[in-house]
Structure formats: C-alpha cells, structure tokens
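A.B. asks: Predicted model follows, preceded by the sequence.
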Amino acid sequence: MARGRPGRAAAVRRPGDAGPGGGGRLPVTLAYETWGELNEARDNAVLVLHALTADSHVTGDAGDGHPTAGWWSEMVGPGRPIDTDRWFVVAPNVLGGCQGSTGPASNAPDGQPWGSRFPVVTVRDQVTAEIDLARELGIGSWALVVGASMGGLRVLEWALMGPEAGIGVDAVTVIASTAQSSADQIAWAHSQLLAIRADPRFRGGDYYDAEDGDGPHVGLSIARSIAHTTYRSALELNERFGRVPQGGEDPLHGGRYAVQSYLDHHGDKLARRFDAGTYVRLTESMLTHDLGRDRGGVETALGQITARALVVAVDSDRLFLPAESARIQRGIPDAEPLHLMHSDHGHDGFLIDFDQLGPIVAEFLGTPDRVS
Ligand SMILES: CC(=O)SCCNC(=O)CCNC(=O)[C@H](O)C(C)(C)COP(=O)(O)OP(=O)(O)OC[C@H]1O[C@@H](n2cnc3c(N)ncnc32)[C@H](O)[C@@H]1OP(=O)(O)O
Ligand SMILES: N[C@@H](CCO)C(=O)O
C-alpha cells in the first residue's frame, strides 16, 4: 500500500550561490512526503516537483486503487502512471514555500517571521536545498525527476546540478515549462507582483503580526485572477462562459459576467490557502530562472544534460509556450520527440488532461534505457 509519509529535512544554503539572491546562508527546513519503498538497489527513486501554489501532497493514501486528495493523485499512486507499488516517490515543498518548508512566513532565527527579510531565492537555491534532502534520504540517484510549470524549472536545474553534486539523474520529465523565463512571463508576473505590493495590508512584506485575517488577501486574490487567466486558454474561456452574466447580475449596472465571477472565485480561493509573501518570492524565483546563466547560454546548458528526457507541452498553453518546450527538447541530446498534448485547457492541462498525460509518462517510465 502506498502511504504518504511526512518528514522534514534540514538543509543549509551554500554561501555565494550564483543569482540575484546570491550570498549568505539561510537555515532551511524542507517539508516532504514519500510514498512506496526505496528498493535494495536504491534505483527506484522518483522526485516529483510541484508548481507555484501546490505542495508536497502529490497524492493520498490510495490503497484501494482510487485517487484521493492530492494535486496529482491521478498521476501518482498504486497502479497510476507513476506507480508507487514500483517507485519510491519523494515530493518536497519548495524552498520559499508556505506548506512546511522555510519561506517568508517562517520564523527567522530571532523568532520573528522572516517577512521582507526573506531573501530572493533562485531556482538553483531551491535545488541546492533539495540536493541536501536527497542526501539525507540516502538517495544517490533518481530514476526520474519530474515536474510541470515551476516544477519543470527545478527539473532542468536538477539535470545539471544533481550530477555535479554526485546525485545521478537518469531521466527527466519536463511538462509545460521553460529553460529561461521569457519577457512575456515576466510581464504577466509583474502585474501580479504589483497587485500584491499595492495592497496596503502587504506592508512591504511584514504583515505576519497583523490581526487575524488582516493580511494582503485582496492583492493576492487579484494576482491569482491575473495568473489564472494565463493558465487557461482564450478558447476555453470563450466557450465556457461566453458573454453570460453571472447569476442575476447585470454587467450594464455594475454586475459581473460569469467569467469575472469565475476568476474572483479562484482568486478568493487561493487567498484563503496561500501566503502572499511566498507568492511574491516564488514568482521572483521563476522570473530569475535562466538555465544558461553562467553556463554559456541556454543551448550550451541543455547540451550538457545527460539524462534521458521527456518533454511535454500543451498546445493551447499561452503562458509556457510549446515553442519553449520545443527548445528544451531540441537542446537535450537524449530527448524523445516533443509530446504535444491537445487540450483547450491551456497551461493547466497538466492538472486536468490526465487521459493524455498519464499514458505519455507511463510509457516513458516503462521504456528500458536505450543502448547507444
Ligand atoms: C499546481 C497546483 O496548484 S495544485 C493545487 C490545486 N490546483 C489549484 O488550486 C490551482 C487552481 N485550480 C485550478 O487551476 C483548477 O481548479 C484545476 C486545474 C485544479 C482544475 O480545473 P477544472 O477542473 O477545470 O476546474 P475549474 O477551473 O473549472 O474550477 C472549478 C471551480 O470554479 C468554480 N466556478 C465555475 N464557474 C464559476 C462561476 N461562474 N463563478 C464562480 N465560480 C465558478 C467552481 O464552482 C469550482 O469551484 P471549486 O474549485 O471551489 O469547487
Ligand atoms: N495552477 C498552477 C498553475 C501554475 O503552474 C499552480 O497554481 O501552481
């Protein structure tokens, strides 16, 4: 039976890490969960890396074969594409996160929340912490490192940093992601960051001692509604919502269209479960992502990846464009042909279109290593 096992691992950021947040040391705790068993040969470990607002809870205890709560239950569990009867699955909450790992909402050594003092952490800092976690778990190599969106950024850094640190990465799966954040992604993120920072309750990031519930939830909600629009396709929004008013509301007299209500709902829902300071810092880590930084450029960096690679894109993704996935696929020497999912759901297809994604990942995992 697969069982999610929560745990925490201490890791320390290396001094002088490259990147805009470089330098200094940060005491780090990573929250993580595991499912399945590490086999005697220690060659069945799979690392699952979550996207912006998810966490370590990839899947539930699905001993009866039915998926339970978790953001990728349809992908991970007994008999699922990433089968926990076969694979030992590890999923950490990202460094900078708010679901158990050290982030802006955590207490600093002085006992007060980090708040605005929490440094900008790069994707490389995040992977550095995850490398320390792998060491603590006694994992010398990953059979697979897999992630989508922000998780895919870490997958790519893992493909280079893991082997450099002595932790093998046999295969990677990068879904709806990019080797380098684009001006368009930075632009969309910019207005999200402005929305949070413009909320007077954000207080420059130091709001954690505010009265109960008096945090920057309005700014975070607006940020999410901007982001959520980019996570779905124009075609889907048009077909699902059309120009239909929400309930009895009248858009000619201050009421909303249904799509506005839908975005309000997703904004409010995130604001109830996520931390604004974390959203800011993780967004910044995505913006500074550049696999080619200090490595001679993106193509040179991709060319140094030795892992077998599966790269997947969603054809209607208007945030992480299929062209960006194609660039990753072209650059990695041992990559399968690009898998393009056909979906109207846009970027969020990796959280919805499991009928396509599941078989693609299962086949990749089942494929024996090629002999060159
Ligand atoms: C990577 C991660 O973040 S994992 C964590 C889970 N993911 C998230 O929270 C991301 C945000 N959520 C999503 O992006 C989506 O809900 C997904 C991708 C998980 C699922 O997508 P879908 O199944 O297509 O759900 P959809 O986008 O239609 O949203 C459904 C919600 O919108 C609500 N909704 C639909 N139409 C309207 C409307 N006109 N007005 C208000 N609310 C509406 C539904 O009631 C439902 O609410 P609920 O989620 O609180 O039950
Ligand atoms: N729904 C996803 C989209 C970003 O990939 C998230 O919130 O993490």
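C.D. replies: Sure thing, it's come through. Numbering: from 1, shown residues only. Ligands and ions are numbered 1, 2, ... in the order given.

A.B. asks: and whichever residue of the stretch 201-350 of the chain sits closest to ligand 2, how far is that from residue 194?
C.D. replies: Nearest residue of the stretch 201-350 of the chain to ligand 2 (Cβ to the nearest ligand atom) works out as residue 231 at 5.0 Å. (Each C-beta comes from the backbone N, C-alpha and C, glycine too.) Between residue 231 and residue 194 the distance is 19 Å, computed by Cβ to Cβ, to the nearest Å.

A.B. asks: just checking, residue 275 touches residue 100?
C.D. replies: No - with contact defined as Cβ atoms under 8 Å, residue 275 does not reach residue 100; the gap is 11.9 Å.

A.B. asks: need the helix or strand of the chain with the lowest average pLDDT.
C.D. replies: strand 5-12 (a mean of 58; mean pLDDT, DSSP states H and E).

A.B. asks: Parallel or antiparallel, which strands does the following helix or strand past that strand pair with?
C.D. replies: Going down the chain from strand 5-12, the next helix or strand is strand 27-35, by DSSP states H and E. Looking at strand 27-35 with DSSP bridges, its partner strands are strand 5-12 (antiparallel), strand 88-92 (antiparallel).

A.B. asks: need the residues of this protein near ligand 1, please.
C.D. replies: Within the chain, the positions adjacent to ligand 1 are 50-51, 53-54, 71, 231, 246, 258, 261-262, 265-266, 269, 348, 351-352 by Cβ under 6 Å from any ligand atom.

A.B. asks: Show me which of those residues is closest to residue 80.
C.D. replies: residue 71 (13.3 Å; Cβ to Cβ).

A.B. asks: How about the closest one, nearest residue that isn't a chain neighbour?
C.D. replies: residue 54 (4.5 Å; Cβ to Cβ, 6 or more residues apart in numbering).

A.B. asks: Do a quick rundown of the strands in the stretch 51-200 of the chain.
C.D. replies: Along the stretch 51-200 of the chain, the segments classed as strands by DSSP state E, counting those that start in this stretch run 76-77, 82-83, 88-92, 141-142, 144-148, 168-169, 171-175.

A.B. asks: On the pLDDT front, check the most centrally placed residue in the chain for me.
C.D. replies: Nearest residue to the geometric centre of the chain (Cα atoms, centre = their mean): residue 51, 1.7 Å. Residue 51 carries a pLDDT value of 98.

A.B. asks: And residue 212, by the same measure?
C.D. replies: 67.

A.B. asks: Domain ranges for this structure, per the record?
C.D. replies: 5-180+290-371, 184-284 (automatic domain parsing).

A.B. asks: For those, state which one has the densest average packing.
C.D. replies: Highest mean neighbour count of those: domain 5-180+290-371, a mean of 20 (counted as mean count of other Cβ atoms under 10 Å).

A.B. asks: Is any residue of that one near ligand 2?
C.D. replies: Yes - contact between domain 5-180+290-371 and ligand 2 is present through 51-54, 149-150, 348, 351 (criterion: Cβ under 6 Å from any ligand atom).

A.B. asks: Same list (the strands of the stretch 51-200 of the chain) but as a markdown table, adding mean pLDDT and distance to residue 323.
C.D. replies: Output for the strands of the stretch 51-200 of the chain, formatted as a markdown table (pLDDT from 0 to 100; distance: least, Cβ to Cβ, whole Å):
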| stretch | mean pLDDT | distance to residue 323 |
| --- | --- | --- |
| strand 76-77 | 94 | 29 |
| strand 82-83 | 96 | 27 |
| strand 88-92 | 97 | 29 |
| strand 141-142 | 98 | 28 |
| strand 144-148 | 98 | 17 |
| strand 168-169 | 98 | 25 |
| strand 171-175 | 98 | 14 |
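
A.B. asks: can you redo these as JSON lines with distance to residue 304?
C.D. replies: Formatted as JSON lines, the strands of the stretch 51-200 of the chain follow (distance: least, Cβ to Cβ, whole Å):
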{"stretch": "strand 76-77", "distance to residue 304": "29"}
{"stretch": "strand 82-83", "distance to residue 304": "26"}
{"stretch": "strand 88-92", "distance to residue 304": "24"}
{"stretch": "strand 141-142", "distance to residue 304": "17"}
{"stretch": "strand 144-148", "distance to residue 304": "16"}
{"stretch": "strand 168-169", "distance to residue 304": "12"}
{"stretch": "strand 171-175", "distance to residue 304": "13"}
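
A.B. asks: Lovely, talk soon.
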